[in-house]
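need the 3D shape of this:
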Amino acid sequence: MTVISVSADEVKAAQDGDRRALEGVLSGVQDQVHHLARRILVNPEDASEATQEILILVLTKLSTFRGDSAFSTWVYRVAVRYLLGARKIRDRELGLTFDVFAADLETGLVADPPHAPDQALLYNELRVSCTMAMLLCLTMDLRLAYVLGDIFELDHGEASEILELTPAAYRKRLSRARREVMDFTSSHCGLVSGQAKCRCPRRLPAAVAAGRINPDQTPNSAGSTESYSEVSHRISSVIDSLKSFELQRAVPQQRCPVEIRTQLTEILSPPL
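Purely as a prediction, here's the structure:
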C-alpha cells in the first residue's frame, strides 16, 4: 500500500514557503488522501471533489503543523475532520443499511448466468463495486474506524489520535464495525460464504440492467492486479474469520487523478 511519505525537512521547507517543497508535500500525500476519500465516499466524482478540497486544506493549514504528531497523522486528521464536517457530504449520505443492501443483492439473481465475452472483467468490476458499496451501510463514524484500522492497517494509537478518540473508544468502535461487516459478508457474499445466495455471476445481469455496472466502463476495478478468479481463490484459502478482511483488502488502490494534481500545482506555481 502507498503510504504518506514526506520528510520533516521537506515539511519545514514547505512551511517556509519553498514552492518545490510544497509540491513535494502535495506529491507525498495526494494518493493516500484520495484513497481515503474513495473508500469513505465510494462515488468517484464525490471522492475527487473531496480530495481536491482536502489537499487545499492541507496546503493552507500547513503552517499550523507543529510536529506534535507524525505528519501523516496530522494529514489524516485534516482529512477526517473534512469528511465528518462537510455539509455537502452529510447531505449526500444515502442512509443505506445492511438490510436494504442485502435485499437489493438478492433481487434479480439468475440461476443460469449467460456467458459474456468480457465477463471476467465485469465480474471483477462487480466484486470491487459491491465490496466498496457495502461499507456505505456503516455509519460514517464506524466507516472511518474500519477503513483506518482494517484497510489502511494503522495501529490503534495512530488511528485513535486521528479520530480524536481514546484508544479504548477506538477499539470499541472498530470492533463494532468489524462485526457488522463480517456478519453481512458471511451471510450475503458468495465470495465469503458458500451458503450465500448472491454470487457475482448470478448478480451481474441485474447489476447491468439496473445501471450499477456499465459494460463499457470499469472505474472501480481499474488498476486491479488480481483477476476475479485469483481473488476468489485467495479468499477461499484463508480461515473464515479472515475472509471479510481479504475481500476488503482486495479492492485496488486508485491513485489521485492527474487533473487534481495539475490544478493544485498551477495554484502553487502560477505561470509568469
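
low-confidence stretches in the chain?
1-2, 270-272 (pLDDT under 70).

ranges for the helices of it?
8-15, 19-41, 44-60, 71-85, 87-92, 98-105, 119-134, 140-146, 156-162, 167-188, 200-209, 228-236, 240-249, 258-268 (DSSP state H).

now do the buried residues in the second one.
To tie it back to what came earlier, the one meant is helix 19-41. Buried residues in helix 19-41, counted by 16 or more other C-beta atoms under 10 Å: 21-26, 28-41. The C-beta positions use only the backbone N, C-alpha and C, and glycine is treated the same way.

same question, the first one
Buried residues in helix 8-15, defined by neighbour count with 16+ other C-beta under 10 Å: Glu10, Val11, Ala13, Ala14.

and that helix, how far out from the chain middle?
Offset of helix 8-15 from its chain centre (C-alpha atoms, centre = their mean, to the nearest Å): 28 Å.

contacts for that helix next, please.
Taking C-beta atoms under 8 Å, 6 or more residues apart in numbering as the criterion, the residues outside helix 8-15 that touch it are Arg20, Ala21, Leu22, Gly24, Val25, Gly28, Leu62, Ser63, Phe65, Gly67, Phe71.

just give the number of residues close to Val238.
Using other C-beta atoms under 10 Å, Val238 has 12 neighbouring residues.

quick one: contacts for it?
Taking C-beta under 8 Å, 6+ apart as the criterion, Val238 is in contact with Glu246.

from Tyr146, how far out is it?
According to C-beta to C-beta, to the nearest Å, Val238 and Tyr146 sit 18 Å apart.

returning to what we had before: can you put the helices of the chain in CSV and add distance to Ala111?
As requested, the helices of the chain are exported to CSV (distance: least, C-beta to C-beta, whole Å):
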stretch, distance to Ala111
helix 8-15, 58
helix 19-41, 33
helix 44-60, 33
helix 71-85, 41
helix 87-92, 36
helix 98-105, 16
helix 119-134, 16
helix 140-146, 34
helix 156-162, 43
helix 167-188, 18
helix 200-209, 7
helix 228-236, 20
helix 240-249, 24
helix 258-268, 44
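
ok, which of the ones you listed comes nearest Asp112?
Asp112 lies closest, by C-beta to C-beta, to one member of the helices of the chain: helix 200-209, at 8.9 Å.

so what's the most centrally placed residue in the chain closest to, chain neighbours aside?
Ranked by distance to the mean C-alpha position of the chain (C-alpha atoms, centre = their mean), the top residue is Arg39 at 1.5 Å. Once flanking residues are discounted, Arg39 sits nearest to Val147: 4.8 Å by C-beta to C-beta, 6 or more residues apart in numbering.
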